[in-house]
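> the sequence isn't on hand, but the structure is:
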């Protein structure tokens, strides 16, 4: 089992909070919106199959940490099936834990493959509200 790095968890929490505040969304919808934005952006770079493979691996890793994610699947187009429905069945704490864990695993894989600096630049293209300076502890994430 690959535990998520604390810095990747922190980055995931920041993105989820930012998405919730920008669109004034409840946690479940903010997480779905975050994954959708990542999907749309990354598919342009690595294709549908590449994104789907990353998300499948991230979900497999996250399932070892958060039990309710076992009911979630990745579709062939790289979207999550059953994520919102199953998240709504959990307590607020369990929902947030699942969201942060899955997102941090995905971010961790991106960081592994393309590096922390490039990952942060990609995120900044999606969320321009992110600070320009690298204050996410990129050296700690990798």
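Arrived safely, thanks for sending. In this text the structure is predicted, and so the values were computed from the model without any measurement.
> burial check on the residue nearest to residue 83 when sequence neighbours are not counted, number of neighbours?
Nearest residue to residue 83, sequence neighbours excluded (CB to CB, 6 or more residues apart in numbering): residue 72, at 5.0 Å. To be clear about C-beta, it is placed using only N, CA and C from the backbone, and glycine gets the same treatment. The number of residues packed near residue 72 is 20, by other CB atoms under 10 Å.
> how near is residue 72 to residue 56?
11 Å (CB to CB, to the nearest Å).
> what's near enough to touch the residue nearest to residue 83?
Residue 72 makes contact with 59, 63, 80, 81, 82, 83, 86, 102, according to CB atoms under 8 Å, 6 or more residues apart in numbering.
> wait, doesn't the fourth one sit right on residue 56?
No. Residue 81 sits out of contact with residue 56 when judged by CB atoms under 8 Å, with a separation of 12.0 Å.
> between the two, which contacts overlap?
By CB under 8 Å, 6+ apart, the residues touching both residue 81 and residue 56 are residue 74.
> point to the residue nearest the middle of this protein.
Centrality entry for the chain: nearest residue to the mean C-alpha point is residue 103, 2.2 Å, by CA atoms, centre = their mean.
> report pLDDT for that one.
Looking at residue 103, its pLDDT reads 97.
> quick check: it vs residue 38, distance?
Per CB to CB, residue 103 is found 8 Å from residue 38.
> leaving out sequence neighbours, find the closest residue to residue 55.
Nearest non-adjacent residue to residue 55, counting by CB to CB, 6+ apart: residue 74, 4.9 Å away.
> and the one you found, how many neighbours?
The number of residues packed near residue 74 is 21, by other CB under 10 Å.
> name the helices or strands packed onto the helix or strand hosting residue 118?
Residue 118 belongs to helix 116-126 when elements are defined using DSSP states H and E. In terms of contacts (3 or more CB pairs under 8 Å, 6 or more residues apart in numbering; DSSP states H and E), helix 116-126 is packed against helix 27-63, helix 92-114, helix 138-141.
> so which bits of that helix are buried?
116, 119, 120, 122, 123, 126 (16 or more other CB atoms under 10 Å).
> now the residue nearest to residue 83: phi and psi?
phi -100, psi 140 (degrees, to the nearest 10).
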